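Asks: quick one, structure for this:
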Amino acid sequence: MPELTSELSPRYLLQTLALQADSHVVLALSGGLDSMVLLDLLAKARLLQPFVLKAVYVNHGISVYAAQWGDFCARQCSERGIVFTQRSVVLSGRDNLELKARTARYQALAEFIRSDKHLLLTAHHGDDQLESLLLALKRGSGAAGLSGIAAQRSFAPGMLCRPLLPFSRAELAAYATQQQLDWVNDDSNDDIRFERNFIRQHIAPLLLERWPQFSATTRRSMQHLADLQQLADYYTEQAQESCVRHNTLLLAELAKLLPLQQDLVIRRWLSSYGLNPSTQWLTTLKQQVIAARNDATPVLVCADYQLRRFADKLYLLTDAQVAAPVQGLSWQGEPKLQLPCGSSLYFSAQPQADGLPLAAAAAQIVFGQLSLRFKPAGSAVSKPLKQWFKLWQVPPWQRLQVPLLLVEGELVVVAGFASSTLPAQAKYWLSWQQQS
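Replies: Numbers count the residues shown, from 1 in each chain. From the prediction side, this is the model:
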């Protein structure tokens with residue numbers, strides 16, 4: 001296998017990205033120095049090894065020159081015989097503009113990544129890593145944030161790759177000068193209201209003047225952190241397999257882990273739902289929800305989710321999953337009854353393996369009337385429904401969503417759990433299909 005070259009060249013790209021004839025490369029092209037260097041390298045790499053190449057310019061509408069930059073990118077691609085397209089995005093408000101622009105840009109670019117053969121390339125370089133580290137330090141980030149910009153990661157169905165990270169901006173500028181490339185200068189790069197620009201213009205130059213190798217040593221340290229994060233992810237994933245069941249965290253299994261590993265498992269579980277809570281929030285979760293009394297019903301909100309504990313399990317729930325359904329439904333013998341919460345009741349004259357027997361041909365459907373008395377077929381006693389739910393270990397919020405069938409005011413079926421009718425007396429069999 002040939003040794004990987006460290007020189008900024010078309011062959012370096014081919015080796016780094018392992019490009020083949022069926023590779024689909026999508027370049028995020030801004031027209032700036034960095035992306036123009038990558039465009040030129042890709043155009044020349046395609047002469048050595050054919051692959052599908054497209055460039056995409058995303059117009060954020062931030063600069064009055066944005067349309068001109070799009071035209072410039074179109075001309076540069078046309079000169080090189082590269083397919084080019086533009087997308088415009090609309091940003092609401094002016095707060096957190098950097099984050100909004102970045103999020104909108106990647107959302108637009110995701111449209112072009114359609115299979116595992118598709119690669120999205122961005123022109124981030126080594127100097128960007130130093131800026132990312134300083135921003136991560138400002139935010140108080142953990143190892144994942146301090147490890148900086150990933151050289152590659154999954155993105156849509158394909159991959160996001162940043163092949164220029166090993167090179168400094170000075171090296172890119174030297175290449176651009178040598179190859180006589182043209183590029184545009186984004187006027188927003190001079191606006192120090194943006195945090196990256198402030199670091200780039202005022203902080204990084206001081207650090208590099210005092211320690212010229214600071215960017216290189218920083219990248220080495222960030223790689224060490226990335227390696228540690230990868231190792232932590234590996235062991236956390238193994239631990240999570242024993243602790244997580246879908247939207248439920250098994251607290252008895254979690255308690256077997258070291259406290260630090262518990263935090264990592266919780267964070268990884270929440271991250272699968274797009275949640276990244278603060279350290280203070282995580283402490284509140286452990287103290288007020290996980291460590292609450294066994295008979296308590298604590299609730300903690302995180303974004304659009306609620307975390308609730310019951311029977312040594314921690315549940316992650318949406319508002320819809322805990323909302324009480326609308327009352328006042330009736331069944332008049334139809335084979336299917338759609339419920340407001342998205343679930344359905346099915347009625348069949350033939351015995352069903354998962355069905356409950358029902359002797360009547362009509363019933364009223366209610367929810368949450370836990371004081372109603374109920375006597376399941378074969379049981380010697382009648383109890384308030386609340387006590388049966390406790391016996392069946394049904395979480396409190398789920399008790400409000402279970403369909404209850406009343407015939408002449410008497411509770412005859414608790415859907416999904418029990419019926420007061422013996423199978424021999426059944427006229428119908430009731431099945432409850434819950435919302436997934």
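Asks: state the phi and psi torsions of the residue most central in space within the chain.
Replies: By CA atoms, centre = their mean, the mean C-alpha position of the chain lies nearest to residue 274, the distance being 3.8 Å. The phi/psi pair for residue 274 (degrees, to the nearest 10) reads phi 80, psi 20.
Asks: same question, residue 56
Replies: phi -130, psi 130.
Asks: host element of the nearest residue to it once chain neighbours are set aside?
Replies: Using CB to CB, 6 or more residues apart in numbering and skipping the chain neighbours, the partner closest in space to residue 56 is residue 85 (5.5 Å). Every C-beta, even on glycine, is put in place using the N, C-alpha and C of the backbone. Element membership for residue 85 (DSSP states H and E) is strand 83-88.
Asks: partner strands of that strand, with direction?
Replies: Based on DSSP bridges, the strands next to strand 83-88 in the sheet, each with its direction, are strand 52-59 (parallel).
Asks: run the chain-centre distance for the strand it pairs with.
Replies: Distance of strand 52-59 from its chain centroid, counting by CA atoms, centre = their mean, to the nearest Å, is 25 Å.
Asks: and what of stretch 321-333?
Replies: Taking CA atoms, centre = their mean, one finds the center of stretch 321-333 at 33 Å from the center of the full chain.
Asks: other residues contacting that stretch?
Replies: Contacting residues not belonging to stretch 321-333 are listed as 306, 308, 337, 339-341, 345, 347, 361-368, 397, 400-401, 405 [CB atoms under 8 Å, 6 or more residues apart in numbering].
Asks: so which of these sit within helices?
Replies: residue 397 (DSSP state H).
Asks: ok so, going back, the strand holding residue 85: which residues count as buried?
Replies: The neighbour-count criterion (16 or more other CB atoms under 10 Å) identifies 84-87 as the buried residues of strand 83-88.
Asks: now it - C-alpha only, PDB.
Replies: Taking only C-alpha atoms (Å, rounded to 0.1, in the frame of the first residue of the first chain), the coordinates of strand 83-88 have been written out as PDB:
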ATOM      1  CA  VAL A  83     -21.400  20.900 -12.000                       C
ATOM      2  CA  PHE A  84     -22.500  23.800  -9.800                       C
ATOM      3  CA  THR A  85     -25.700  24.700  -8.000                       C
ATOM      4  CA  GLN A  86     -26.900  27.400  -5.500                       C
ATOM      5  CA  ARG A  87     -29.200  27.300  -2.600                       C
ATOM      6  CA  SER A  88     -30.600  30.300  -0.600                       C
END
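Asks: distance of the closest residue to the residue nearest to the centre of the chain other than its chain neighbours relative to residue 70?
Replies: The shortest distance from residue 274 to any residue other than its chain neighbours is 7.7 Å, reached at residue 303 (CB to CB, 6+ apart). Distance from residue 303 to residue 70, counting by CB to CB, to the nearest Å: 35 Å.
Asks: what do you get for residue 37?
Replies: From residue 37 over to residue 70 the distance is 19 Å, taken as CB to CB.
Asks: ditto for residue 416
Replies: According to CB to CB, residue 416 and residue 70 sit 57 Å apart.
Asks: circling back to that earlier point, more neighbours: residue 303 and residue 70, which one.
Replies: It is residue 70, of residue 303 and residue 70, that has more neighbours when counted by other CB atoms under 10 Å, with 20 against 11.
Asks: report the mean confidence score over whatever helix or strand that one lives in.
Replies: Take DSSP H and E as the rule and residue 70 turns out to sit in helix 66-80. Here the mean pLDDT over helix 66-80 is 95, rounded to a whole number.
Asks: got the contact list for it?
Replies: Taking CB under 8 Å, 6+ apart as the criterion, the residues outside helix 66-80 that touch it are 29-31, 36, 39-40, 43, 55, 57, 59-60, 63, 83-84, 86, 182, 184, 186.
Asks: any buried residues in the helix or strand bottoming out on mean pLDDT in the chain, and which?
Replies: Ranking every helix and strand in the chain by mean pLDDT, DSSP states H and E puts helix 319-322 at the bottom, with a mean of 82. Residues of helix 319-322 classed as buried: 321-322 (neighbour count, 16+ other CB under 10 Å).
Asks: count the residues that sit near the closest residue to residue 194 other than its chain neighbours.
Replies: Sequence neighbours aside, residue 98 is the residue nearest to residue 194 in space, at 5.6 Å (criterion: CB to CB, 6+ apart). Here the count is done by other CB under 10 Å, and residue 98 has 15 residues near it.
Asks: for residue 188, see how far away residue 98 is.
Replies: Where residue 188 is concerned, residue 98 sits at a distance of 10 Å (CB to CB).
Asks: now do residue 387
Replies: In this view, residue 387 and residue 188 are 65 Å apart by CB to CB.
Asks: and what of residue 29?
Replies: 17 Å.
Asks: again, but for residue 205
Replies: Computed as CB to CB, the residue 205 to residue 188 distance reads 19 Å.
Asks: just residue 434 next, same as before
Replies: Computed as CB to CB, the residue 434 to residue 188 distance reads 50 Å.
Asks: check which helix or strand residue 315 maps to.
Replies: strand 313-318.
Asks: that strand: partners in the sheet, and parallel or antiparallel?
Replies: Applying DSSP bridges, strand 313-318 is found paired with strand 248-250 (antiparallel), strand 305-310 (antiparallel).
Asks: now the ones you listed as a markdown table including mean neighbour count and mean pLDDT?
Replies: As requested, the strands paired with strand 313-318 are arranged in a markdown table below (neighbours: other CB atoms under 10 Å; pLDDT from 0 to 100):
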| stretch | mean neighbour count | mean pLDDT |
| --- | --- | --- |
| strand 248-250 | 18 | 94 |
| strand 305-310 | 20 | 92 |
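Asks: closest to residue 51 out of those?
Replies: strand 305-310 (41.9 Å; CB to CB).
Asks: who's in contact with the closest one?
Replies: For strand 305-310, the external contacting residues (CB under 8 Å, 6+ apart) are 251, 273, 275, 285, 289-290, 292, 296-301, 314-319, 322, 395-397.
Asks: can I get the strands paired with strand 313-318 in CSV with distance to residue 237?
Replies: Listed next are those as CSV, based on distance: least, CB to CB, whole Å:
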stretch, distance to residue 237
strand 248-250, 15
strand 305-310, 21
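Asks: quick one, which of the ones you listed is nearest to residue 195?
Replies: Using CB to CB as the criterion, the shortest distance between residue 195 and the strands paired with strand 313-318 is 29.2 Å, found for strand 305-310.
Asks: alpha carbons of that closest one, as CSV, please.
Replies: C-alpha atoms of strand 305-310 as CSV (Å, rounded to 0.1, in the frame of the first residue of the first chain):
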residue,chain,number,x,y,z
TYR,A,305,-39.3,16.2,26.6
GLN,A,306,-40.2,15.2,30.1
LEU,A,307,-38.1,12.9,32.2
ARG,A,308,-40.2,10.8,34.7
ARG,A,309,-39.2,8.0,37.1
PHE,A,310,-41.3,5.0,37.9
